[in-house]
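Predicted model and sequence below, questions to follow.
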Amino acid sequence: AEMFGQLTSGLEAAWNKLKGEEVLTKENIVEPMRDIRRALLEADVSLPVVRRFIQSVSEQAVGVGLIRGVRPDQQLVKIVNEELVKLMGGDVSELVFAKSGPTVILLAGLQGVGKTTVCAKLAYYLKKQGKSSMLVAGDVYRPAAIDQLVILGQQVDVPVYAAGTDVKPSEIARQGLEEAIKNNIDVVIVDTAGRLQIDKAMMDELKEVKRALNPTEVLLVVDAMTGQEAAALVTTFNVEIGITGAILTKLDGDSRGGAALSVKEVSGKPIKLVGRGERMEDLEPFYPDRMAGRILG
Ligand code: GDP
């Protein structure tokens, strides 16, 4: 299924109810607003986000009055489009780079969300921008994760710093950073252990790694398939360790869109990048305006 497919057709139902109307009124937007609300909830957008969205769109819709040459349904599409862009953070949120020395990007996330893949994708993405990077294998609990990072590093031709499973992640991170400084690497990307669920040990370890590195970016990798739960995760990680943004993965899957639409509004943190597949080139910036365009079909 095309992502947002259901949301797009749900919204279409709203515009269709305005065919033949001359102007948007308090009365004739009731049904369309109900459709929009339903479509957003079915896309798994967080309820408080839906409420605020509906209120804002309704207020604007009854305020626009008659605009010559513009049909009411087109007016509503325009308002919804602008609100969707705003909801997703407005402008694109670029990665931030350190003014001097290597930029450190710490990646966190639950197991299976695509964190290890993102490490290599990000290195590849930066390479295309002319930046060198190094991956640091900080997931010391799963030897397979270290092996996977090494293999992916080879695939994108980027060095990987690993020190086995007996060294503390914060120590590996420190060593990796030193190595990167020695080699004049532009960006150090640190992989960390993911668990199936949030637990205290995970958070404590992340805090320690963060203290050891003073990273420029702390990005939480979240799976788009988790819907509005993604927004709750970003909020929790932000409160616990302080993050600078999120990377949304698996946008190529049949996620309904709730994650993309809820993260910024719920957590206050922007989605900076999105993953759209398993290939190394499948990572790109998150463009709220393009995303809104896709939603509106
Ligand atoms: P980690 O446990 O968070 O490190 O997750 P991995 O990087 O090992 O990824 C878990 C699985 O998800 C792997 O099979 C990846 O190929 C797959 N994966 C990661 N990102 C994406 C994505 O954007 N789209 C799709 N379809 N699969 C992805």
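That came through, no problem.

and the helix or strand where residue 205 lies, which residues are buried?
Using DSSP states H and E, residue 205 sits within helix 200-213. For helix 200-213, burial by neighbour count (16 or more other CB atoms under 10 Å) applies to 202-203, 205-206, 208-210, 212-213. No exception for glycine: its C-beta is placed from N, CA and C like everyone else's.

Please apply the same query to stretch 180-191.
In stretch 180-191, counting by 16+ other CB under 10 Å, buried: 180, 185-191.

do the same with stretch 35-48
35-37, 39-40, 43-46.

Out of those, list just those in helices.
Among the buried residues of stretch 35-48, the residues falling in helices (DSSP state H) are 35-37, 39-40.

what distance separates stretch 68-78 from the centre of its chain?
From the chain centre to the centre of stretch 68-78 is a distance of 31 Å (CA atoms, centre = their mean, to the nearest Å).

Kindly report the residues of the stretch 1-150 of the chain close to the ligand.
Those residues of the stretch 1-150 of the chain that sit near the ligand, judged by CB under 6 Å from any ligand atom, are 109, 111-117.

Look up which residues are beta-bridged to residue 247.
With DSSP bridges as the criterion, residue 247 is bridged to residue 221, residue 273.

burial of it, as a residue count?
For residue 247, the count of nearby residues is 25 (other CB atoms under 10 Å).

after the helix or strand hosting residue 171 comes which helix or strand?
In the assignment (DSSP H and E), residue 171 maps to helix 169-182. Counting by DSSP H and E, the next helix or strand C-terminal to helix 169-182 is strand 187-192.

Any chance you could list what contacts that next one?
For strand 187-192, the surrounding residues in contact (CB atoms under 8 Å, 6 or more residues apart in numbering) are 97, 102-108, 115-116, 119, 122-123, 126, 131-139, 145, 149, 169, 173, 176-177, 180, 205-206, 209, 213, 215.

What of stretch 144-151?
Residues outside stretch 144-151 that contact it (CB under 8 Å, 6+ apart): 116, 119-120, 135, 137, 139-140, 160, 162, 164-165, 191, 193.

Buried ones from those, can you make that a ChimeraX selection?
This is the ChimeraX syntax for the buried subset of the contacts of stretch 144-151, where burial follows 16+ other CB under 10 Å:
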select :116,119,120,135,137,139,140,160,162,191,193
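
Which of the contacts of stretch 144-151 sits closest to the ligand?
Using CB to the nearest ligand atom, residue 116 is the member of these that lies nearest the ligand, at 3.3 Å.

Help me confirm that that closest one is found in a helix?
Yes: counting by DSSP: H, G, I helix; E, B strand; the rest coil, residue 116 is found in a helix.

Great, nothing more from me.
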